[in-house]
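Novice: Got a predicted structure here, sequence first:
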Amino acid sequence: MQRQKFTTRAYLVPFIMISSLFFLWGIAHGMLDTLNKHFQDILHLSKAQSGMIQFAVYIAYFVMALPAGYFMKSFGYKNGIILGLSLFASGALLIAATTSFESFWIFLICLFILGCGLATLETAANPYTTRLGPPETAERRINFSQSFNGLAWVIGPLIGLYIYRAQDAGDGQKLSSLVLPYMLIGLVVIAVAIVFLKTPLPEITEETDAADSDAGPENPSAAARPLLKQKHFVLGVLAQFSYVAAQTGIFSYLINFVTDENQALHFDKENGPYFLAFGFALFMIGRMSGSWLMRFFRPAAMLAFYALMCCLLLPLVSIGLGWVSLVSLYGVFFFMSIMFPTIFALGIRNLGPQTKKASSFIVMSIVGGAVFPPVMGWIADNSSMSVGFFAPIPQFVFILYYAISGYKVKTD
């Protein structure tokens, strides 16, 4: 059997440039997940309150995804990318400029602006990546690009080590360690925006989407059905909501888990970012190996197996078995790896000219990351951090259902 091309020569440079965007927003998210424990100690917040950090960023996805989609429909993917980079840089520089206020709420507002930039970039980059090559290898391409996102998530917590140095800072200086990292991020993002501004990129139009759609002549009306009647898309939105909810909660509270003094196995808070970086390294390895394995296994079958493994490992995390629980938690990091890009690619399959709009709705579903961390934090505040890790299990059960049945495109 002839293997399908990963991408084409004409799309190679655009594919590399788009993949770099995955790295940029991965840095932002990797840093974000180190801040919960830091803000709990510096500003004396509860776990539920610190979950508002994730809320501020992920609610931006819900607010911004549709406007970003309409913007790109009118002005194209390239201008959407430049808009996203501009908002990303603005949020980062505002964080650097306002740390002296030591206000958690000002910080959250700046994070929201940054999150609007990330939402715009994801609305553009995820579907754009799937179009830069044959439709049959779309899942492999987006998983490969998302691998750079995983690499950046490894680096983000290491930047968090610098942020943690302000633990004993005096009044007016408690958030000063945020200045340099966010200022550098803002300047780098501005530089990347200038590069995109001056580089020609192929524009994927709705006509191209229609031509590339795998609806096929045997079912020419499949892609023309309204989105709400596309079962695989609607369930894909719900599956993505479930996945991002579970992922964000797990990422946000790993440091709390490994530093919880109520557990037999716990470590110093200063070493927490190392544990998170190791988890993200496994996450990256999972994405890279997953992209390769999709040459031999169906993406939906891999998604089902990985979701099942998360369902089996999380109870071991939650019942407090020391090293067994920690290793199981790292296993969850690995098996979550392919879920976001695979669900995304399965959800927008066969949608033809509705792809951009559908992508916006799937990006909106990332709002699950806003809803779940405060809930998981509340559970931990009222019981223990270990018990909090029972909460993501129903989300993975739904993803398992989607991977077995819900992803199938209705053809009649």
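Specialist: Good, I have the coordinates.
Novice: Please count neighbours and contacts with C-alpha atoms only from this point.
Specialist: Fine.
Novice: Buried residues in stretch 71-86, which are they?
Specialist: Residues 71-72, 76-86 are the ones in stretch 71-86 that count as buried (16 or more other CA atoms under 10 Å).
Novice: Filter those down to just the ones in helices.
Specialist: The helices, defined by DSSP state H, take in 71, 72, 77, 78, 79, 80, 81, 82, 83, 84, 85, 86 from the buried residues of stretch 71-86.
Novice: Tell me which residues touch the fifth one, please.
Specialist: I take that to be residue 79. residue 72 (CA atoms under 8 Å, 6 or more residues apart in numbering).
Novice: list the buried ones in stretch 230-245?
Specialist: If you call a residue buried by 16+ other CA under 10 Å, then stretch 230-245 has these buried ones: 230-245.
Novice: May I have it as CSV, with CA atoms only?
Specialist: Coordinates of each C-alpha in stretch 230-245 appear next as CSV, following Å, rounded to 0.1, in the frame of the first residue of the first chain:
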residue,chain,number,x,y,z
GLN,A,230,-22.9,16.9,11.9
LYS,A,231,-22.9,14.4,14.8
HIS,A,232,-19.1,13.8,14.7
PHE,A,233,-18.5,17.6,15.0
VAL,A,234,-21.0,18.2,17.8
LEU,A,235,-19.6,15.3,19.8
GLY,A,236,-16.1,16.5,18.9
VAL,A,237,-16.8,19.8,20.6
LEU,A,238,-18.0,18.0,23.7
ALA,A,239,-15.0,15.7,23.6
GLN,A,240,-12.6,18.6,23.3
PHE,A,241,-14.3,20.4,26.2
SER,A,242,-13.9,17.3,28.3
TYR,A,243,-10.3,16.8,27.3
VAL,A,244,-9.2,20.4,28.0
ALA,A,245,-11.0,20.4,31.3
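Novice: which residues are contacting it?
Specialist: By CA under 8 Å, 6+ apart, stretch 230-245 touches 227-228, 339-340, 343-344, 346-348, 358, 361-362, 365-373, 392, 395-396, 398-399, 402, 406-410.
Novice: Counting only strands, which of those residues make the cut?
Specialist: Among these, no member falls in strands (DSSP state E).
Novice: quick revisit: just the ones in helices among the buried residues of stretch 71-86 now: which is nearest residue 131?
Specialist: Comparing those against residue 131 with CA to CA places residue 77 closest, at 11.5 Å.
Novice: Quickly find the element holding the spatially closest residue to residue 397 that is not a sequence neighbour.
Specialist: Leaving out its chain neighbours, the residue that sits closest to residue 397 by CA to CA, 6 or more residues apart in numbering is residue 311, at 6.7 Å. Per DSSP states H and E: residue 311 is located in helix 299-318.
Novice: so what secondary structure elements neighbour that helix?
Specialist: In this structure, helix 299-318 packs against helix 323-336, helix 339-347, helix 385-388, helix 393-401, with contacts taken as 3 or more CA pairs under 8 Å, 6 or more residues apart in numbering; DSSP states H and E.
Novice: go again using 6 Å as the cut-off
Specialist: Counting contacts by 3 or more CA pairs under 6 Å, 6 or more residues apart in numbering; DSSP states H and E, helix 299-318 packs against helix 323-336, helix 393-401.
Novice: Now render those helices as TSV, adding mean neighbour count.
Specialist: As requested, the helices and strands packed on helix 299-318 are arranged in TSV below (neighbours: other CA atoms under 10 Å):
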stretch	mean neighbour count
helix 323-336	21
helix 393-401	21
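Novice: Next, format those helices as TSV and append distance to residue 184 and mean pLDDT.
Specialist: Converted to TSV, the helices and strands packed on helix 299-318 look like this (distance: least, CA to CA, whole Å; pLDDT from 0 to 100):
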stretch	distance to residue 184	mean pLDDT
helix 323-336	28	95
helix 393-401	36	96
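Novice: Need these in JSON lines (columns: distance to residue 298).
Specialist: Formatted as JSON lines, the helices and strands packed on helix 299-318 follow (distance: least, CA to CA, whole Å):
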{"stretch": "helix 323-336", "distance to residue 298": "16"}
{"stretch": "helix 393-401", "distance to residue 298": "14"}
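Novice: Which one of these lies nearest to residue 353?
Specialist: So among the helices and strands packed on helix 299-318, helix 393-401 is nearest, using CA to CA, at 26.2 Å.
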